[in-house]
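Undergrad: got a predicted structure plus its sequence, pasted below:
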Amino acid sequence: MNDIENLFSLIKKHYDNAQSKTEKILSSIDIKPFKVSDEKTDLVAVDGSYTFLLNFSSMWIALVRVGALHYSLDDGFALKEKKSVDRHVPVVADEKIIETFPEEYQKLLKTIKMKNPNEIVNEYRRLMEHQIVNELSKEKEKCIIAVDGALTTPFLAEFAELMNNTIKHCEKNNNILVGVSKDSLTHAFGSYFTDEELLGNFRDGRYYVKVPDDFQKKYKPPLFGDVYFACLHPKSKWFRIDIGTHKDEPENVFSKLANYAKSSICPGYVYPLLEAHRYVVTVRQFKEIYENEILGFASKHFSINEIINAFTDVDGKRNSSFHSFLDRMSR
């Protein structure tokens, strides 16, 4: 018990120290209020998800889904159009195995340069999201294109080229490109508290604030937008929002976004992004359907026992892992 008491004493001391510096930090932050726009601007929300299906001797088959939902403001949120892309992809970290693949897979996997299977498939997902956003930037006009997550890319020329092309087409078609993060653990304002915790001191209104320039200059990986935090609905939490186009009009951007942050389900969050998440996460929720779909193909190459042994959970671990059995028995 002494260890626990000492631990909480240590944490409380740190917490009080952080609190004592908060007022000074808050007084130096340029918080700006804004109002909801009367202009009704369509919004396209983009998100992606994945699930692992099979693992044959250090080579996974994963399914990646990326979706885009187009909404308008018509007596509420009206879904006008939806599209999705599903792709089965190989996930391999071993370069010797990659060398045996067709050139298209070799190039992609060597470009990703990740060693963890979850990191590799996550990069697949990000690339597919960038690709669908790029298509939308050419198809849509005078829309908000909202991407789940920050407007960043890995340190890869392919990603940067695609993002720069997207921004160019968004500017040409007068589209507002933003990235909306569900959560952020940054400390851009120099507080021990996260930026979300710190800005939570401002409530009962709609506000936005740009992060310090030093934070953006030092940010890694590369940024393709100006980083803000915004409270899009009174009494909601603050969200990190990166603005990729219309950078000189942040108040206009947030006033239009706020029209989509009025849902009682998730006040302050861009509601179409919630629906986009629901749309793509079905690859995890209904994993068994996709497993059944792939069984016919797998059975042409492997025995039923080999296939059963290859089944994985959504994060790629074998279903037969003994530690999973122990976890279940320990509940």
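TA: Noted; the coordinates are in hand.
Undergrad: how many residues are close by the closest residue in space to residue 43 that isn't next to it in sequence?
TA: Counting by Cβ to Cβ, 6 or more residues apart in numbering, residue 43 lies nearest to residue 144, which is 4.3 Å off, once chain neighbours are set aside. Placement of C-beta: from N, CA and C, glycine included. Neighbourhood size, residue 144 [other Cβ atoms under 10 Å]: 24.
Undergrad: do residue 170 as well
TA: Applying other Cβ under 10 Å, we find 24 residues neighbouring residue 170.
Undergrad: name the SS class of it, please.
TA: Assigned by DSSP: H, G, I helix; E, B strand; the rest coil, the conformation of residue 170 is helix.
Undergrad: please look at it and residue 137 and confirm they touch.
TA: Yes. When contacts are counted by Cβ atoms under 8 Å, residue 170 is listed as touching residue 137 (4.7 Å).
Undergrad: what about the host helix or strand of residue 135, average pLDDT?
TA: Taking DSSP states H and E as the criterion, residue 135 maps to helix 117-139. Mean pLDDT, helix 117-139: 91.
Undergrad: for whatever helix or strand comes next after that helix, output the C-alpha coordinates as CSV.
TA: Per DSSP H and E, the first helix or strand lying C-terminal to helix 117-139 is strand 144-148. Output in CSV follows, covering the C-alpha atoms of strand 144-148 (Å, rounded to 0.1, in the frame of the first residue of the first chain):
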residue,chain,number,x,y,z
ILE,A,144,-15.6,20.3,-47.8
ILE,A,145,-13.5,17.1,-48.0
ALA,A,146,-12.9,15.9,-44.5
VAL,A,147,-10.3,13.2,-43.9
ASP,A,148,-10.1,11.2,-40.6
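Undergrad: name the helices or strands packed onto strand 144-148?
TA: The elements that strand 144-148 packs onto, with contact taken as 3 or more Cβ pairs under 8 Å, 6 or more residues apart in numbering; DSSP states H and E, are strand 43-55, helix 117-139, strand 176-180, helix 250-257, helix 271-280.
Undergrad: columns distance to residue 87 on top of those, output as TSV?
TA: What follows is those, written out as TSV (distance: least, Cβ to Cβ, whole Å):
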stretch	distance to residue 87
strand 43-55	9
helix 117-139	7
strand 176-180	22
helix 250-257	30
helix 271-280	12
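Undergrad: residue 189: which of those is closest?
TA: helix 250-257 (17.0 Å; Cβ to Cβ).
Undergrad: now do that closest one: distance to the chain's middle.
TA: Here helix 250-257 shows a centroid-to-chain-centroid distance of 21 Å under the convention Cα atoms, centre = their mean, to the nearest Å.
Undergrad: buried residues in it, which are they?
TA: 250, 253-257 (16 or more other Cβ atoms under 10 Å).
Undergrad: would CSV of those residues with pLDDT be doable?
TA: Converted to CSV, the buried residues of helix 250-257 look like this (pLDDT from 0 to 100):
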residue, pLDDT
250, 97
253, 98
254, 98
255, 97
256, 97
257, 97
